[in-house]
Structure formats: C-alpha cells, structure tokens
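A.B. asks: coordinates for the following, if possible.
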Amino acid sequence: MIGSGYVGLVSGACFADFGHVVTCVDNDEARIGDLEAGRMPIYEPGLQELVASNRAEGRLAFTKDLAAAVKNAEVVFIAVGTPTLEGSREADLHYVYAAAEEIAAAITSFTVVVNKSTVPVGTGDEVEKIIRARRPDAEFAVVSNPEFLREGAAIYDFKHPDRIIVGTDDPQAHVVMHEAYRPLYLNAAPFLFTARRTAELIKYAANAFLATKVAFINEIADICEKAGADVQDVARGMGLDNRIGRKFLNAGPGFGGSCFPKDTLALVHTARTLGAPTGIVEAVETGNRERKRRMAGKVLEACGGSVAGKTIAMLGLSFKQNTDDVRDAAAIDIARGLLAEGADLRVYDPQSMEKARPLIPGATFCPNAYDCAQGASALAIVTEWDAFRALDLERLKEALAEPVIVDLRNIYSPAEMRRRGFRYTSVGRP
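C.D. replies: Prediction:
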C-alpha cells in the first residue's frame, strides 16, 4: 500500500484484517515511526485498535522502503494524495506518477498495480505508460479501484461496501482483484467490473452528484428562510420519494473535506479539457464556496450586524463529526470571516484543534464547550459532533454573556430553544 495517509492506512489495515499480509509504505519517516509506535496520523474511530491487532498478528507492517515492499507483492495499491494544484482546478498527480516510477523499478513478477487514489480519467493510461517505458520487460496490469470511504465511518464502509468498482480488461488482474476482496463475498458486496476509464469516472461522478444534493438543499434552505417554511420537513418530504432518497439532504454551512471540493474542481477541469462543459457541477462548486463565506454573516446578523470587539464562541472545526480533517471545512472559513470582522473568537473541537490552530491565528483554543462559551455574546455550532447535540443548556446559558445561539447544523429544536430563553437562529427554519 503506497501511501499511509487516510485511504492507504484504512485500506491497508482492513485488508490485513481480512487475513492478507500488507505492508504500508510512506516516504515520511516521522509518520512511519509514529505508526510503528502505535500513534495514528489521523483520527478515525476504531483505526488505532485495528492497526494494533493486525500488527500483533504479523499481518501489517510499515516501512519507507518501497522497493522491498513491492518486490514480493502480488498487488500494489497507489494510495497517495491528489490535491488540487495551487491556482488551478486540476488534480496534482505528481505523487501518483512518482509512485509509478518507483514501482516500475521494483517489479519482479506479474504485479497488479492499482490506482486507489482519486484520479482523473486517463491517469491509469499514463501510469501504464510510465511503467512500460521504465520496464519494457515487466509483467503487470494497471487497475482502477476507487475508494468510497466516508471519514468517520471508513472501517465500516470498507468492510460493508455498497459496491466494489474494478476497472480492468486484464483477465489475470480480474482474478487477483476478486481474491483480494474475497472475504467480502459473505457480505454479498456487489462487484462491478468496467473499463479502466469508466471506473475512474465513476468516483468523480458519484462525489459530484452527492455534492450537488448538498448544494441543492442549501439553496432550498435559503428559500425556506424567506418563505417561512421548514427545510427539514421539505427534505423529509423529498427523501420519501425513493427516486431521490433522504441522504445528503441536510441543510448546513456547505460541504468540505478531502473529497467533494477537490473532486468537483477536478471534474470541471477534466470536462473542460475534453470539451464537455459541466454547468451543473461548476455551479455547485461556486455556490458552495460562496455559501461558506456567507455563513459568518448569520453570526453577524444574530449579533445585531457587528461582532467588532465582541467575544464569539464557535463549536466545531472539522468539516464533519468523527474526523479531525479540517481541509476545506466551512468552520475555517467562518472563523476567518469572524476574525476579519473584529471578533474575539473562542473555538473548541473534540479532535481537530491542533490541525486547525495554524489556519486561524488569532483565535483562542479552549479545553471544552463551556469554557469556549464563557462570556461570549453568541455561540455558533458549526460541526455536528454528538457531544454538541446534548449540551447542558442551562450551564451553557449561564456561561454566555448573551443567550444567543447560531446553530448551523439544525441539531436543536427552535421551539425548545425559545422555551429555554435562547435567541436561536438555525438554517432554513422559521
């Protein structure tokens, strides 16, 4: 498993738990040292225990030595980062191509090289060219096997997948990939074998569609606020239609994380390159960016139009619950917006404080939710952590200088909050 970040580490640990012998490779020596010592580079529920148990059983190892790991491997997964190129909408593939170069030099027998990273259409073709140019004598097949892991539920998703997509026309690779995922046969996980380019596009199409659902319900929430309707009831009414479904129809501050933002950008770039413009996806990406910026305005409005010189508390920094990932998190944009408006900002998150700290200099990082709320003129709830769903509201009210709550995740009842004496603002609800 080349790359011991989010996808590589979770996938490697789960494959090891299936009984395979897995070596996770990373060129970050400090990360390898941490992993060997049992320290995880990411927060993912259950991951530390899964890694520890499979390390103890001798099925999971970590190394910087890519050549040694590849030499005896039947399957080599490329699971490196593909961030957006700075100043561009294009995916940065240099980590993928560098891995392909190193893999080529280390192959000793027939090897299935699998792109697990999210990559644009045609990347598999380029990886094949790189390996073939470096090693004309090598026996190998390049496969696309996109991941569909939700941060915060990644281990469950790997072991109970909705589908396993494998892009290859090579019959030997077909057999090897079936064997790699064989333990999932008991779960009746559906396999879909496609052409390699088709598999690459499935990942982008799926994420773009889910992002579109999020952006759509957020626009409906804006309409609800003007019309005096309740977006949660609208979403329930829509979701009961089985052609639409209820998932990803939760109004909020906009999507973030490692997938939706960069994948929508990359799909737009690919479509433009191919001469097939994607007006819907472009609108989703633009609308989501603007929504995150506008959310600070809800806090300003709740504070009478200004936060200058006021203490504002914010709960949640990660882009969603059960992860410490702050990449493209709405909370970071909101925090920056409030700081720019002159707020004295206090923040708390159960897991992502250290990752957020360098992104919002000037904010005060607090040890818990109640300390965060102390003396604040308003409290904004930005991430839907379970711990924020059951706050001691009386204690919270005593800590706040003014009983103002801006709930950007709709986790409380407006009627209940009014009854308890809060001035309460939520998203898309009267």
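A.B. asks: SS state for the nearest residue to residue 235 once chain neighbours are set aside?
C.D. replies: Closest residue to residue 235 apart from its sequence neighbours, by C-beta to C-beta, 6 or more residues apart in numbering: residue 249 at 4.1 Å. Every residue, glycine included, has its C-beta placed from N, CA and C. The three-state assignment at residue 249 reads coil, by DSSP: H, G, I helix; E, B strand; the rest coil.
A.B. asks: for residue 249, give me its contacts.
C.D. replies: 213, 217, 235, 238-239 (C-beta atoms under 8 Å, 6 or more residues apart in numbering).
A.B. asks: out of those residues, which sit inside helices?
C.D. replies: In helices, judged by DSSP state H, the following of the contacts of residue 249 are found: 213, 217, 235, 238-239.
A.B. asks: which of those residues are buried?
C.D. replies: 213, 217, 235, 238 (16 or more other C-beta atoms under 10 Å).
A.B. asks: now do the strands in the protein.
C.D. replies: For the chain, the strands defined by DSSP state E occupy 22-25, 60-63, 75-78, 111-115, 140-144, 164-167, 191-194, 311-315, 344-348, 364-365, 378-381, 404-407, 423-425.
A.B. asks: and among the ones you listed, the most buried is which?
C.D. replies: Of all those, strand 311-315 carries the top mean neighbour count, a mean of 28, counting by mean count of other C-beta atoms under 10 Å.
A.B. asks: name the helices or strands packed onto that one?
C.D. replies: helix 330-340, strand 344-348, helix 369-373, strand 378-381 (3 or more C-beta pairs under 8 Å, 6 or more residues apart in numbering; DSSP states H and E).
A.B. asks: quick one: average confidence on the shortest one?
C.D. replies: Model confidence over strand 378-381 averages 98 on the pLDDT scale.
A.B. asks: quick one: contacts of that strand?
C.D. replies: 298-299, 302-303, 307, 310, 312-316, 334, 372-373, 388, 396, 400, 402, 404-409, 411.
A.B. asks: give me that answer again for 7 Å
C.D. replies: Here strand 378-381 makes contact (C-beta atoms under 7 Å, 6 or more residues apart in numbering) with 299, 302-303, 312-316, 334, 373, 388, 400, 402, 404-409, 411.
A.B. asks: tell me how many other residues crowd the closest residue to residue 401 other than its chain neighbours.
C.D. replies: Using C-beta to C-beta, 6+ apart and skipping residues adjacent in sequence, the residue nearest residue 401 is residue 375, 5.1 Å away. Neighbourhood size, residue 375 [other C-beta atoms under 10 Å]: 13.
A.B. asks: distance of residue 375 from residue 364?
C.D. replies: 11 Å (C-beta to C-beta, to the nearest Å).
A.B. asks: so what sits against both of those two?
C.D. replies: Joint contacts of residue 375 and residue 364 (C-beta under 7 Å, 6+ apart) do not exist.
A.B. asks: tell me which residues touch residue 228, please.
C.D. replies: residue 430.
A.B. asks: what number of residues lie near residue 196?
C.D. replies: Neighbour tally, residue 196, other C-beta under 10 Å: 26.
A.B. asks: just to revisit the earlier point, residue 7: which of the helices and strands packed on strand 311-315 is closest?
C.D. replies: helix 330-340 (22.1 Å; C-beta to C-beta).
A.B. asks: now the angle between strand 344-348 and that closest one, please.
C.D. replies: Helix 330-340 runs at 160 degrees relative to strand 344-348, counting by axes from the mean of the first three to the mean of the last three C-alpha atoms, to 10 degrees.
A.B. asks: need the contact partners of helix 330-340.
C.D. replies: By C-beta under 7 Å, 6+ apart, the list of residues contacting helix 330-340 reads 253-254, 256, 292-293, 295-296, 299, 307, 312, 314, 316-317, 319, 326, 345, 347, 356, 359-360, 362-363, 380, 382-383.
A.B. asks: show me which of the residues you listed are buried.
C.D. replies: Using 16+ other C-beta under 10 Å as the threshold, 253-254, 256, 292, 295-296, 299, 307, 312, 314, 316-317, 319, 326, 345, 347, 356, 359-360, 363, 380, 382-383 are the buried ones among the contacts of helix 330-340.
A.B. asks: so who does residue 264 touch?
C.D. replies: 208, 211, 281, 284-285.
A.B. asks: again with residue 1
C.D. replies: Contacts of residue 1 by C-beta under 7 Å, 6+ apart are 8, 11-12, 22-25, 77, 79.
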